[in-house]
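Chemist: Here you go, sequence then predicted model.
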Amino acid sequence: MATPRLQDIPLLPGSPRRLSPRAVARGGQGLKQGQQYLKVLAPRAPGLQGSSNHDTSQLPGEECSQGSSVINNYLDTNEPVSSGARVSRMHFYDNQRKVDYVLAYHYRKRGAHPSQGLPGQSLAIVSNGETGKEPPAGGSQDIELGRLDALEEERREQRDEFEHNLMEAGLELEKDLESKSQGSIFVRIHAPWQVLAREAEFLKIKVPTKKMYEIKSEGCIAKKFNEILQKLSSPLKPRVPEHSNNKMKNLSYPFSREKMYLYNIQDKDTFFDNATRSRIVHEILKRTACSRANNTMGINSLIANNIYEAAYPLHDGEYDSPGDDMNDRKLLYQEWARYGVFYKFQPIDLIRKYFGEKIGLYFAWLGLYTSFLIPSSVIGVIVFLYGCATIEEDIPSKEMCDQQNAFTMCPLCDKSCDYWNLSSACGTARASHLFDNPATVFFSIFMALWATMFLENWKRLQMRLGYFWDLTGIEEEEERAQEHSRPEYETKVREKMLKQSDKSVVQKLGTNMTESEDEDDDEDKLSWRDRFPGYLINFVSILFMIALTFSIVFAVIVYRITVAAALSLNKDTRSNVRVTVTATAVIINLVVILILDEIYGAVAKWLTKIEVPKTEQTFEERLILKAFLLKFVNAYSPIFYVAFFKGRFVGRPGSYVYVFNDYRMEECAPGGCLMELCIQLSIIMLGKQLIQNNIFEIGVPKLKKLFRKLKDETEPGETDSAHSKHSEQWDRDYSLEPYTGLTPEYMEMIIQFGFVTLFVASFPLAPVFALLNNVIEVRLDAKKFVTELRRPDAVRTKDIGIWFDILSGIGKFSVISNAFVIAVTSDFIPRLVYQYAYSHNGTLHGFVNHTLSFFNVSQLKEGTQPENSQFDEEVQFCRFKDYREPPWAPNPYEFSKQYWSVLSARLAFVIIFQNLVMFLSVLVDWMIPDIPTDISDQIKKEKGLLVDFFLKEEHEKLKLMDEPAPSRQGGAHHSRRSRAASSAPSSRSQPGSIASSGSQHTNV
């Protein structure tokens, strides 16, 4: 069936009309101030018209040649449209060329009046290389325009030049009409095969060759075990093509136009997938210059200067479209981005194919982390159940609950508080045993080793994915990414150069940006003197934010003290003082943490912008470090206070420490601070996960989408009846939220990782709640990426970057924190010291009495004694929890020998625990190799196979070229064979063929 010519396709009213625009050939000419007319150039002679698929090697930024072979069609704007004109919503209006990238901007007209000769016509750009209809006779026509705003006109000229430079680079453009007073315009970009091949060779993109080989299987036992595991887990696997055949792999080799015979090119339109095509176009967009915008380099600079509003690749159609037509986006939604498939594995290969390696590695890391939470959750539940099972056998809690052991305790506050019996705190003591038992010590050791094993397994999985995704040897790509400066950095350098009064510096502004970058001049860079104010502001601001966090923690402490004192004055509320104060203080802490998290995220971004990092990678790393430091301090400060500081600076009866001279410092509960630490940790962790990670992630995007929809409906001239009925894919994607990076997703998981590891000795159920949250989080993030965000640019990377260093640091710090929680916060060490040093029978009988000191109530300060004491018996001595000498000792109320014994044991435990766990962690790290043995063997063998395949193909090529030609017919036949071997198959293979005739199958 013959392909219809572009000019034969009728157009809808409001769809792009193709004119011969002044923007393509205007070069450096612009509209002078006060000029009322723009020139539309006449078309070239038919002899100058060429094909859009010409091979161009011009670099972006070169001047437009009048003899360019790019021809733009001129079509009538009032032709009727047929129902079959638009076949695909992801192609140009010729239904042939795929839209690889979209640029969007907002325009606004002021008093535009079309001339009488050309009613109803508007400008549009399309580079399609076909012969267009000739416009009316005459060298040029004048389109009368109203007086436009100077800034809008300047932006329009910059867009025209940038789009012209894109066409010089070989890209083909199609542009919407500016047919309304204001609205959004989409510039659609298509990369022809010549551009794709040229850029793929320049970027050294690895593509599969014709050679396939079988991946080496494990030993017999491992193979049998793997087969059984595969059968058992088959219901959990997503039904995607990537999981159907994981035993075969193509040899990959960087694309080269001179070695096209190595690759299995069946169809040039589908050889590069959509993600690779958009990545290639994005690379061109990043390096294309615009001289009118002060030599601005790349699309990011133009977006930062509001020349364009957005730039994004298209999604592969709709995810919820009716019918059986399937695309990768719809497949991801059905098998991954729905809560109904939470039990299935993630289709990591398809995620990588659709979103790129960077996002694929994030979801692979999140999946591994979630799966590793399963064994830790099981062990945590066992530890908790052990505490429940042994609660009746706990001797200290029994002694505290025994009514016959009448331990009369000293008042908890001055004047209004009375003496009280220790048995009234029976419930707190029994609840503390659930988390403060010997099993928590072994669980802490297990979690430290768990963190090490998780990181080691991630390194192995990362290497395995790098092998299958051909990520080996991408260091050059990462270095190339460092060459692209951020728009803010270019602006800062330009401002620095403008401050210099030297004429040569001013002239340098007119040079090409790439040339000025090649000159290693100090004037073209920001020195430490230029950055010093930003560094100083960063240092002072971070110190201020940390001080602010500590001040808020102290304010909550004052709240607890004052509220406890106020409630103690009322007889009705006196019995529930501790519960009320603890619950309200934790809720206040949670609200403050959530608010400061949002503030600190914005502050960290602002501080990083002040530093003016040169590249996006440097910007991202510095932003991550600042945001993590501030959010770490914000999230864990209240927990650190309860764990290590609360109750340590109380003083003793008769010599208490006061705040503001009136309020006593708060004490721990009779059962210790571990129970309160558990409550604080659980509420903050669950609150952050429920409110911040889920409600905010679900609610905020929906509110933004609703707000944007209402804004579009209220603005005049934004909607079009023709487009609203048949919206294009670029319209739908434009209404989605822009992709802003993976930092928020990583950050919430890193903070959760800290909750799971840093204080797991006080809350063994933390892995359980983290697991439940992550099961939802995986599908929530998946749904957000598939349905609510614009498609991100495919970014190749070999690892998760600085996040691994942060995880490793948290894992090492968790060993120290858990050692101090066990030694200082819990009663594990005092019980051991008593049992083996002071107990008469080697049991814990008498432990409670051993931990309580005596105080003579007659020595209470004047005005602090209980008023109107209702205690049943007259009190001469009261007890308080501490290791001090009794009143009758030579040195009353001084620290006793038991105190120093317990303190020494605590410090010894911290040292032994830390060194033991660190040694075991290093041992685990040494025993588990970073690179799996089978992967390292496969990489070595793959290199050998690639060399053999390469030499064999070269030998066959030379053999074909050296064959003698017995006749002219044979010579012609030989010539055709030689060209076919050297220039790749241009025609498509037979339907149903999987590989070309040169495909090979090898067992490794």
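Modeler: Noted; the coordinates are in hand. Numbering: from 1, shown residues only.

Chemist: Tell me the spacing between Pro653 and Ala565.
Modeler: Here Pro653 is placed at a distance of 17 Å from Ala565 (Cβ to Cβ, to the nearest Å). C-beta here means a position set from N, CA and C on the backbone, and glycine is covered the same way.

Chemist: Arg664 too?
Modeler: Where Ala565 is concerned, Arg664 sits at a distance of 8 Å (Cβ to Cβ).

Chemist: For these two, list the residues in contact with both.
Modeler: The contact sets of Arg664 and Ala565 overlap at Cys413 (Cβ atoms under 8 Å, 6 or more residues apart in numbering).

Chemist: so what's the residue positioned nearest the centre of the chain closest to, chain neighbours aside?
Modeler: Geometric centre of the chain, nearest residue: Leu742, 1.2 Å, by Cα atoms, centre = their mean. Computed as Cβ to Cβ, 6 or more residues apart in numbering, the closest residue to Leu742 that is not its neighbour in sequence is Tyr362, at 5.3 Å.

Chemist: wait, what's in contact with the one you found?
Modeler: Tyr362 makes contacts with 742, 745-746, 800, as judged by Cβ under 8 Å, 6+ apart.

Chemist: will you turn the residues you listed into TSV that also has pLDDT?
Modeler: Conversion of those to TSV gives the following (pLDDT from 0 to 100):
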residue	pLDDT
Leu742	90
Glu745	90
Tyr746	92
Ile800	90
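
Chemist: Could you identify the pair within those residues that is furthest apart?
Modeler: Comparing all pairs in the contacts of Tyr362 by Cβ to Cβ, the longest separation belongs to Glu745 and Ile800, at 11.3 Å.

Chemist: Any regions of the stretch 701-850 of the chain where pLDDT drops low?
Modeler: The stretch 701-850 of the chain contains residues with pLDDT under 70 at 711-726.

Chemist: Now do the residue nearest to the centre of the chain against Glu199, distance only.
Modeler: Following Cβ to Cβ, the distance that separates Leu742 from Glu199 is 25 Å.

Chemist: Then Glu258?
Modeler: Distance, Glu258 to Glu199, using Cβ to Cβ: 15 Å.

Chemist: Comparing those two, which residue is more hemmed in?
Modeler: Neighbour count, other Cβ atoms under 10 Å: between Glu258 and Glu199, Glu199 has more, with 22 against 9.

Chemist: unless I'm mixing things up, that one is touching Leu285, no?
Modeler: No. Shown here, Glu199 and Leu285 do not form a contact pair, counting by Cβ atoms under 8 Å, at 11.3 Å.

Chemist: where along the stretch 901-1004 of the chain do the helices fall?
Modeler: Using DSSP state H, counting those that start in this stretch, the helices assigned to the stretch 901-1004 of the chain run over residues 933-962, 968-983.

Chemist: Could you tell me the least trusted of these?
Modeler: Averaging pLDDT over each of the helices of the stretch 901-1004 of the chain singles out helix 968-983 as the lowest, with a mean of 41.

Chemist: Leu498: neighbouring residues, count only.
Modeler: By other Cβ under 10 Å, 12 other residues sit near Leu498.

Chemist: Oops, could you answer that again for Thr209 instead?
Modeler: When counting by other Cβ under 10 Å, one arrives at 22 neighbours for Thr209.

Chemist: Same question for the one 5 residues further on.
Modeler: Using other Cβ under 10 Å, Glu214 has 12 other residues around it.

Chemist: what bridges to it?
Modeler: Listed beta-bridge partners, Glu214: Met248, Asn1003 (assigned using DSSP bridges).

Chemist: got a pLDDT number for it?
Modeler: pLDDT for Glu214: 73.

Chemist: Ok, Gln141 next?
Modeler: pLDDT recorded at Gln141 is 46.

Chemist: And for the one 10 residues further on?
Modeler: Reported pLDDT at Leu151 in the predicted model: 80.

Chemist: and what of the one 3 residues further on?
Modeler: Predicted confidence (pLDDT) at Glu154: the value is 83.

Chemist: I'd like the secondary structure assignment at it, please.
Modeler: Secondary structure assignment for Glu154 (DSSP: H, G, I helix; E, B strand; the rest coil): helix.

Chemist: where does the nearest residue to Phe628 once chain neighbours are set aside sit relative to Pro396, distance-wise?
Modeler: Using Cβ to Cβ, 6+ apart and skipping residues adjacent in sequence, the residue nearest Phe628 is Ile806, 6.0 Å away. Taking Cβ to Cβ as the measure, Ile806 and Pro396 are separated by 40 Å.

Chemist: who's more crowded, the two?
Modeler: A side-by-side neighbour count of Ile806 and Pro396, using other Cβ under 10 Å, places Pro396 first with 23 against 20.

Chemist: Can you name the element that comes right after the helix or strand bottoming out on mean pLDDT in the chain?
Modeler: Every helix and strand of the chain was ranked by mean pLDDT, DSSP states H and E. The lowest is strand 37-41, at a mean of 31. Past strand 37-41, heading to the C-terminal end, the next element that is a helix or strand (DSSP states H and E) is strand 101-108.

Chemist: Residues contacting that following strand, please?
Modeler: So strand 101-108 is in contact with 149, 152, 155-156, 159, 178, 181-189, 278, 281-282, 285, 299, 307-314, 730, 733-734, going by Cβ under 8 Å, 6+ apart.

Chemist: Show me which residues of that strand are buried.
Modeler: Buried residues in strand 101-108, counting neighbours by 16 or more other Cβ atoms under 10 Å, are found at 101-107.

Chemist: Each with direction, which strands does it pair with?
Modeler: Counting by DSSP bridges, the strands paired with strand 101-108 are strand 182-190 (antiparallel), strand 310-312 (antiparallel).

Chemist: Between these, which one is closest to Ile303.
Modeler: With respect to Ile303, and counting by Cβ to Cβ, the nearest of these is strand 310-312 at 6.3 Å.

Chemist: Run through who's touching that closest one.
Modeler: Under the criterion Cβ under 8 Å, 6+ apart, residues 101-104, 282, 285, 299, 303, 733-734, 738-739, 790-791, 793 lie in contact with strand 310-312.

Chemist: all strands of the stretch 301-450 of the chain, in order?
Modeler: Assignment of strands within the stretch 301-450 of the chain using DSSP state E, counting those that start in this stretch yields the ranges 310-312, 408-409, 420-421.

Chemist: before we move on, what about the stretch 651-800 of the chain?
Modeler: Assigned by DSSP E, counting those that start in this stretch, the strands in the stretch 651-800 of the chain fall at 651-652, 655-656, 658-659, 663-664.
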